[in-house]
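Asker: okay, predicted coordinates and the sequence, questions at the end:
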There are 2 protein chains.
Amino acid sequence: MVLPFDIMEYQERLNKTKERMEKDGIEILCVTNPSNMNYLTGYDAWSFYVHQMLIVIIDEPQPIWIGRTMDANGAKATTWIYDDNVIAYPDYYVHSDIYHPMDFIGEILREIGQGNRRIGVEMEQFYFTAKSFQRLQRALPDAFFLDASNLVNYVRLIKSDQEIEYMRRAGIIVDQAMSRTIDYIQPGVRENDAAAHLYYNLISGTSEYGGDYPAIVPMMPTGDHTSMPHLTWSEQTFKENSPVVIETAGCYKRYHVPMARTVSLGEPSERLQYVASIVQEGIENTLQTIRPGATCSDLEAAWRNSIKRYGFEKESRLGYSTGLSYPPDWGEHTASIRSDDHTVLQPNMTFHMIPALWFENDGIEISTTFRVTETGYELFTSYPRELIVKGNLGYNTNPMSS
Amino acid sequence: MVLPFDIMEYQERLNKTKERMEKDGIEILCVTNPSNMNYLTGYDAWSFYVHQMLIVIIDEPQPIWIGRTMDANGAKATTWIYDDNVIAYPDYYVHSDIYHPMDFIGEILREIGQGNRRIGVEMEQFYFTAKSFQRLQRALPDAFFLDASNLVNYVRLIKSDQEIEYMRRAGIIVDQAMSRTIDYIQPGVRENDAAAHLYYNLISGTSEYGGDYPAIVPMMPTGDHTSMPHLTWSEQTFKENSPVVIETAGCYKRYHVPMARTVSLGEPSERLQYVASIVQEGIENTLQTIRPGATCSDLEAAWRNSIKRYGFEKESRLGYSTGLSYPPDWGEHTASIRSDDHTVLQPNMTFHMIPALWFENDGIEISTTFRVTETGYELFTSYPRELIVKGNLGYNTNPMSS
């Protein structure tokens, strides 16, 4: 299997991780976030529904992968680490009331003389359960535990040129998929059929670039459910004169470019048009502030000031760092675009800016994913950044945008 | 929004949950597993990438939903609980180094006079992180915490007739999707295009039943990667004279019917045919043991004895309870079909039996999902349970099964 990145790049990521470990006084890092495991080794499989871990030892050249027996071959095939560093636990550890994989992992660490060190664990990470921590502590009574949540995530914050290239391909994929899905949607079409079209296009991709699965399924609320951004789809049909919000992402080799759009089936209400124009203006004003040296907080202020003039405010954050991800989230849990986040923008940081507004009975989402460049920003997508109005609803072939 | 089940059914589920709480000495149950939240209330949204919780208080008639502000409307719309029982935390709790949603939740519990009770939490559940438990403990210093992992999962073990009906529909969907995908696969086709077809069919479903997203994406290892069951797909094309394993599930209103099949593109090796026949015989022998009163262990023994005659053994479990699920798993984490699981089968228990064998350089998967009936079993699918051989590779229209 060909790795998506050069081995040198993985080694550089590992070195940067070790630098942070050094700084934080961590001798052993227990990585359980699948995105971080992939980032450091290339490991790519849907095996994170059982416990698995990548162990980075500060004074060892190679990390150790520990997972389920049936996944060990996949770890050998999809990573750059030595086969000897792939260790498997027997299947009786899976979903058992008695045995827990962290018992096994603790035993391995003791066996190789690492049981009494300063161990960083990802405390705030979905695949490291409360019980995982209890059992690992019990298995390693001489260790000193530190919270290393998001340590690797922060290494991921600035992308390499190869990562950016993959995101560009994800952008091409989502442009095409969004366009074709909106072409397809019309009153009378079932929501699930639209979701099926969207999925088909996301994964088929283009003739050059095959798509990977996004870390979040398509979200597609319609009518007054547009005030509920995380609803997926139903078997109901789309209704005339009603709005549809679509939020999805193109994904290429696990790199995401999210995109949200709002579609009006038929003439939009005056209110929706008005709100859309305010959002569009807000996006433009925010984009103008993006440059190295500006902070996340600066971007949020530009947006807030722009919409405040019309009496609007947004309770939720304006965006977040995005890129490499596994379910359940394509956000990287590092920088957020909000008023109290003073992260300084640097070239090759990448964000999903989603200036969505939700009200009691409706909502609007028009988003964009960008890269910080040396002088400003690069957008990953080109699909029109506006309220999409589908007018001639009698025909399915040639939908019009406003 | 119409709930997928009658309110009486939700109330019955809640009552059964409270009975188990009573038995275990739990006064307050903190439910964080999205499947369990859905099971008790109907709540259905992709919002589990931020913290959320359903709180069941043993002496209160209605549970309390707590989640992010932008998800509160969705909780009101998709559940049967009173709007007043939907409580939202502000967005600054999301992905923050300072604030944690469990601080907020603890405060609510104290405010309503529940801070000093016996509180059950799902310690072994992906959406309840190690940090969640620390922060909840800190917020509730007077509470006594108990591990209630899988408490609700065990209530889910025996399905209602309506749940079974939804699984039958999921079975119809996966039968059709598997058949069409295998029709489509041939040498020269890209793996991602086959995955796109599969996804399209899973979600489009039939004209009667629209599909929901499965909790696991299609897994589709090929060639010597068939020894790595949890690999997904690549941009590579399928090769002549090579095997492909497809594992997926039909999903209807969050109810799953998983299915795995092995396809040979061209004449299969003698070895693959031989192994396939042993697996098929093993499945038949195992199916014959299914009846109320038999145990999971009995089923495993039937399988083990059947393949042992040919010198084979299977390290991993033979199957697991399945049904209602959200990512990352369609297994219910309760009964497993393995030698040390003495769960007694009862009518309307449902299992994915996956008698897969993986070797150093290849593997085979032929699975079936069944319901325990009053006298035996019902299969949810009818697609041929055998090694599928695609012979006339020059044509795409009419693939043949062996």
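Answerer: Yep, it's here.
Asker: give the contact list for the residue nearest the centre of chain A.
Answerer: With distances taken as CA atoms, centre = their mean, A:Trp330 lies nearest the centre of chain A, 1.3 Å away. By CB atoms under 8 Å, 6 or more residues apart in numbering or on different chains, the residues touching A:Trp330 are A:214-216, A:249, A:256, A:258, A:322, A:352. The way it works is simple: take the backbone N, C-alpha and C, and place the C-beta from them, glycine included.
Asker: now narrow those to whatever sits close to chain B.
Answerer: Residues of the contacts of A:Trp330 in contact with chain B (CB under 8 Å from any CB of the partner chain): A:Ile216.
Asker: most neighbours out of the contacts of A:Trp330, which is it?
Answerer: For the contacts of A:Trp330, the largest neighbour count, defined by other CB atoms under 10 Å in any protein chain shown, is 31 neighbours, found at A:His256.
Asker: doesn't A:Gly323 make contact with it?
Answerer: Yes - A:His256 is within contact range of A:Gly323, at 6.5 Å (criterion: CB atoms under 8 Å).
Asker: and for these two, which residues touch both?
Answerer: The contact sets of A:His256 and A:Gly323 overlap at A:Met167 (CB under 8 Å, 6+ apart).
Asker: angles on the backbone of the residue nearest to A:Thr226 when sequence neighbours are not counted, please.
Answerer: Sequence neighbours aside, A:Gly363 is the residue nearest to A:Thr226 in space, at 4.4 Å (criterion: CB to CB, 6 or more residues apart in numbering or on different chains). When quoted as degrees, to the nearest 10, the phi and psi of A:Gly363 stand at phi -170, psi 170.
Asker: so A:Gly363 makes contact with A:His230?
Answerer: No - counting by CB under 8 Å, A:His230 is not a contact partner of A:Gly363; they are 11.2 Å apart.
Asker: give me the number of residues near A:Ile105?
Answerer: 27.
Asker: please identify the helix or strand for it.
Answerer: Using DSSP states H and E, A:Ile105 sits within helix A:101-111.
Asker: which residues touch that helix?
Answerer: The contact list for helix A:101-111 (CB under 8 Å, 6+ apart) reads A:28, A:30, A:50-53, A:55, A:64, A:66, A:68, A:87, A:89, A:93-94, A:115, A:119, A:131-133, A:135-136, A:138-140, A:143.
Asker: and the strands in the stretch 101-250 of chain A?
Answerer: Secondary structure of the stretch 101-250 of chain A (DSSP state E, counting those that start in this stretch): strands located at A:118-121, A:144-147, A:242-252.
Asker: other SSEs contacting the last one?
Answerer: To tie it back to what came earlier, the one meant is strand A:242-252. On a contact count with 3 or more CB pairs under 8 Å, 6 or more residues apart in numbering or on different chains; DSSP states H and E, strand A:242-252 meets helix A:161-184, helix A:191-204, strand A:255-265, strand A:363-364.
Asker: of all the ones you listed, which lies closest to B:Thr381?
Answerer: Counting by CB to CB, B:Thr381 lies closest to helix A:191-204 out of those; the figure is 20.0 Å.
Asker: and which of the contacts of A:Trp330 is nearest to chain B?
Answerer: Among those, A:Ile216 lies closest to chain B (CB to the nearest CB), at 5.7 Å.
Asker: so that closest one sits right up against B:Tyr49, yeah?
Answerer: Yes - between A:Ile216 and B:Tyr49 there is a contact at 7.2 Å, judged by CB under 8 Å.
Asker: joint contacts of these two?
Answerer: With CB under 8 Å, 6+ apart, A:Ile216 and B:Tyr49 have common neighbours A:328-329.
Asker: could you pull up the residues touching the residue nearest to A:Thr32 when sequence neighbours are not counted?
Answerer: Closest residue to A:Thr32 apart from its sequence neighbours, by CB to CB, 6+ apart: A:Phe128 at 4.3 Å. A:Phe128 sits next to A:30, A:32-33, A:121-122, B:129-130 when contact means CB under 8 Å, 6+ apart.
Asker: for the stretch 201-350 of chain A, what lies in contact range of chain B?
Answerer: Residues of the stretch 201-350 of chain A lying close to chain B (CB under 8 Å from any CB) are A:201-205, A:209-213, A:216-217, A:219, A:225, A:227-235, A:315-317, A:320, A:327-329, A:331, A:333, A:336, A:338, A:340.
Asker: try 7 Å this time
Answerer: Applying CB under 7 Å from any CB of the partner chain, one finds that the stretch 201-350 of chain A approaches chain B through A:203-205, A:210-211, A:213, A:216-217, A:219, A:225, A:227-232, A:235, A:315-317, A:327-329, A:331, A:333, A:336.
Asker: can you flag which of those residues belong to helices?
Answerer: A:203-204 (DSSP state H).
Asker: out of the residues of the stretch 201-350 of chain A next to chain B, which end up buried?
Answerer: Buried residues within these, counting neighbours by 16 or more other CB atoms under 10 Å in any protein chain shown: A:203-205, A:210-211, A:213, A:216-217, A:219, A:225, A:227-232, A:235, A:316-317, A:327-329, A:331, A:333, A:336.
Asker: residues in contact with stretch A:170-187: which ones?
Answerer: A:194, A:197-198, A:201-202, A:205-206, A:209, A:211, A:237-240, A:244, A:246, A:248-252, A:255-257, A:259, A:261, A:263, A:265, A:380-383, A:388, A:390, A:393, A:396, A:399 (CB atoms under 7 Å, 6 or more residues apart in numbering or on different chains).
Asker: buried ones in that stretch?
Answerer: Across stretch A:170-187, burial judged by 16+ other CB under 10 Å covers A:170-179, A:181-182, A:184-186.
Asker: check the residues you listed and tell me the two furthest apart.
Answerer: A:Ala170 and A:Gln186 (27.1 Å).
Asker: ok, the residue lying closest to A:Gly376 once chain neighbours are set aside - contacts?
Answerer: Distances taken as CB to CB, 6+ apart place A:Arg291 nearest to A:Gly376, at 5.4 Å, with adjacent residues excluded. Contacts were defined as CB under 7 Å, 6+ apart; by that measure A:Arg291 touches A:345, A:375-376.
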